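> Got a sequence here, can you build the structure:
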Amino acid sequence: MKVLVTNPPWPGPGYGARSSVRWPHRRKDKYLEYPIYLAYLLAILKREGFETRFLDGVEEEMDIPSYVNAVREMAPSLVFMETSTPSIEYDLESARGLKEALPDSRIVLLGPHVTYFHREILDANPAIDAICRGEFGETGRKIASALSKGADLSGIASVSYRDGERVHANADKDDIDDIDSFPYPDREAIPIEKYRQGTFLGKKTATLISSTGCPFKCIYCLWPKTLYFGKRRERSPESVVREMEDVVHRFGADEIYFDDDSMFITRKRLIELGSAEEKSPTRVNWIGQARVDILDEEAMSLLKRAGCHYLRIGIESGSKRMLEAMKKSTDLEACRRSVQLCRRAGIKTQAFFIFGVPGETVESIRETIDFAKRLDPDSAQFSIIVPYPGTDVYETARAKGWLKYDTWEDFASGKCILETPDLPAREVEEARSRAYREFYLRPSYMLKTLLRIRNLSDIRSIIKGAKSIIARLFFFNKC
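Here you go, the predicted structure:
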């Protein structure tokens with residue numbers, strides 16, 4: 001059976017960052033994350049003996065008619081299509097086009113939005129045959145196996161499906177516990193060099209996963225509840241290192257990005273993984289994400305020796321009150337200390353901040369901008385809260401009537417769609433632009449950036465980063 005795994009088009013201005021993105025959004029520049037979960041699904045299906053194809057309608061810059069024509073030529077019997085909240089109307093249009101072109105093909109949707117609204121979407125869209133709720137690696141394999149044998153989907157957990165006019169929703173179940181048993185993502189079908197992010201410094205950066213899920217309860221976080229159902233799984237350090245060596249030797253990777261929800265939840269995990277990477281004979285720089293409350297001098301020294309040269313840290317706010325409102329179980333002193341430790345160890349940092357969570361005020365926004373400047377990470381990202389369906393903040397905002405949007409596409413991060421009695425949406429949008437200007441246009445920051453230049457690669461990196469920030473600001477202002 002021929003199976004297509006696909007990231008469909010997202011028409012409109014800029015580029016739609018959907019696949020493997022925790023906050024699906026539009027952006028001006030073509031910095032798209034590697035679709036690693038689709039690459040896992042491809043590898044799992046290929047191991048089972050299915051004939052697989054991949055098509056990324058966003059990366060290929062397709063419109064929906066050209067996408068449908070391309071899929072028609074492939075003639076798959078089964079299509080797994082990734083979706084998101086802001087792109088869902090386009091995703092459904094693509095699915096309807098595929099069903100019209102290939103009426104005998106089965107179309108299965110993937111992603112948090114369809115996980116949350118699985119019954120509603122199946123009821124309203126006869127073109128959709130099934131929805132894979134939550135993680136889709138092992139569940140996708142079971143779907144393909146059942147359909148290839150002419151069986152129905154009634155025995156597969158976490159699947160909602162159509163049976164004539166009736167819609168069935170099977171019980172939820174964890175996808176799989178032993179993620180070491182997964183094959184490596186299919187990087188032959190999805191080349192690593194086609195995908196980049198602004199903080200990547202290598203020429204060929206490979207994306208890896210060392211764990212999935214997160215046990216914490218931040219009210220704005222989409223994936224832990226909608227993809228992993230609250231469960232965290234960790235690969236063995238040995239498995240992670242073997243894959244690092246594989247991408248370097250087989251695919252020429254000169255940098256690795258770990259796209260975990262949180263790479264290091266505990267200090268024990270940090271030491272185990274860092275020690276395994278340090279012992280590997282294959283040396284490669286890598287980027288990771290860590291909680292601020294587990295970092296100390298010994299840990300940072302180990303990470304540096306193991307190849308870590310960039311850490312992403314979710315700070316989120318400079319207001320203690322807002323951190324509590326977010327259920328972000330960290331404190332400002334730990335944030336400050338972690339960035340200082342990284343700086344002393346020679347590891348760059350990128351800090352993330354969110355504006356507009358319920359409870360936000362003009363004063364707490366000011367606290368956050370000032371804290372970001374005092375913290376002085378190497379780069380910072382300032383975002384507006386997007387209350388995606390499936391998050392706690394969505395449930396609260398919907399119940400209180402705080403959601404202000406016309407279509408699902410308004411969830412694409414361009415503007416603020418959550419307005420509380422404490423803060424108008426326009427104030428939140430202006431705060432984001434103000435934060436970028438105040439952080440990056442400081443004379444001290446510009447001087448520090450210039451003093452870091454050591455070679456031509458550094459100059460290219462600075463120019464690339466500056467272009468990305470400028471493009472982002474202009475794009476936001478036009479939304």
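
> burial measure for Phe117, as a count.
Using other C-beta atoms under 10 Å, Phe117 is surrounded by 17 other residues. (C-beta placed from N, C-alpha, C; glycine too.)

> That one: what's its closest spatial neighbour, skipping adjacent residues?
Spatial nearest neighbour of Phe117, chain neighbours left out: Pro389 (6.7 Å); criterion: C-beta to C-beta, 6 or more residues apart in numbering.

> so that neighbour touches His113, yeah?
Yes - here Pro389 lies in contact with His113, judged by C-beta atoms under 8 Å, at a distance of 6.2 Å.

> what is in contact with the two at once?
Common contact partners of Pro389 and His113 (C-beta atoms under 8 Å, 6 or more residues apart in numbering): Thr85.

> Who has more neighbours out of these two?
His113 (26 against 19).

> wait, what's in contact with the residue nearest to Glu419 when sequence neighbours are not counted?
Sequence neighbours aside, Ala425 is the residue nearest to Glu419 in space, at 4.3 Å (criterion: C-beta to C-beta, 6+ apart). By C-beta under 8 Å, 6+ apart, the contact set of Ala425 is Gly356, Lys404, Lys415, Cys416, Ile417, Leu418, Glu419.

> quick one: Ala425 and Ile354, what's the gap?
Using C-beta to C-beta, to the nearest Å, Ala425 is found at 14 Å from Ile354.

> What of Leu303?
Distance, Leu303 to Ile354, using C-beta to C-beta: 25 Å.

> what do you get for Leu375?
Taken as C-beta to C-beta, the span from Leu375 to Ile354 is 15 Å.

> The two - which one has more neighbours?
Legend: neighbour count by other C-beta under 10 Å for Leu375 and Ile354, higher for Ile354 (25 against 21).

> Return the residues in contact with the more buried one.
Counting by C-beta under 8 Å, 6+ apart, Ile354 touches Tyr220, Glu316, Ser317, Met326, Ser383, Ile384, Ile385.

> ranges for the helices of the stretch 101-250 of the chain?
With DSSP state H, counting those that start in this stretch as the criterion, the stretch 101-250 of the chain has helices at 112-116, 118-124, 137-148, 223-226, 237-251.

> okay, the ones you listed in JSON lines with mean pLDDT next?
What follows is those, written out as JSON lines (pLDDT from 0 to 100):
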{"stretch": "helix 112-116", "mean pLDDT": "97"}
{"stretch": "helix 118-124", "mean pLDDT": "97"}
{"stretch": "helix 137-148", "mean pLDDT": "96"}
{"stretch": "helix 223-226", "mean pLDDT": "88"}
{"stretch": "helix 237-251", "mean pLDDT": "97"}
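
> Point out the most buried one among the ones you listed.
Among the helices of the stretch 101-250 of the chain, helix 112-116 has the highest mean neighbour count (mean count of other C-beta atoms under 10 Å), at a mean of 25.

> what residues does that one touch?
Contacts for helix 112-116 (C-beta under 8 Å, 6+ apart): 83-85, 88, 121, 131, 133-134, 222-223, 226-227, 388-390, 408.

> can you tell me which of these lies nearest to Glu277?
Each of the contacts of helix 112-116 was scored against Glu277 by C-beta to C-beta, and Trp223 proved nearest at 24.6 Å.

> Distance of the closest one relative to Phe216?
Trp223 is 12 Å from Phe216, by C-beta to C-beta.

> Met326 too?
Using C-beta to C-beta, Met326 is found at 10 Å from Phe216.
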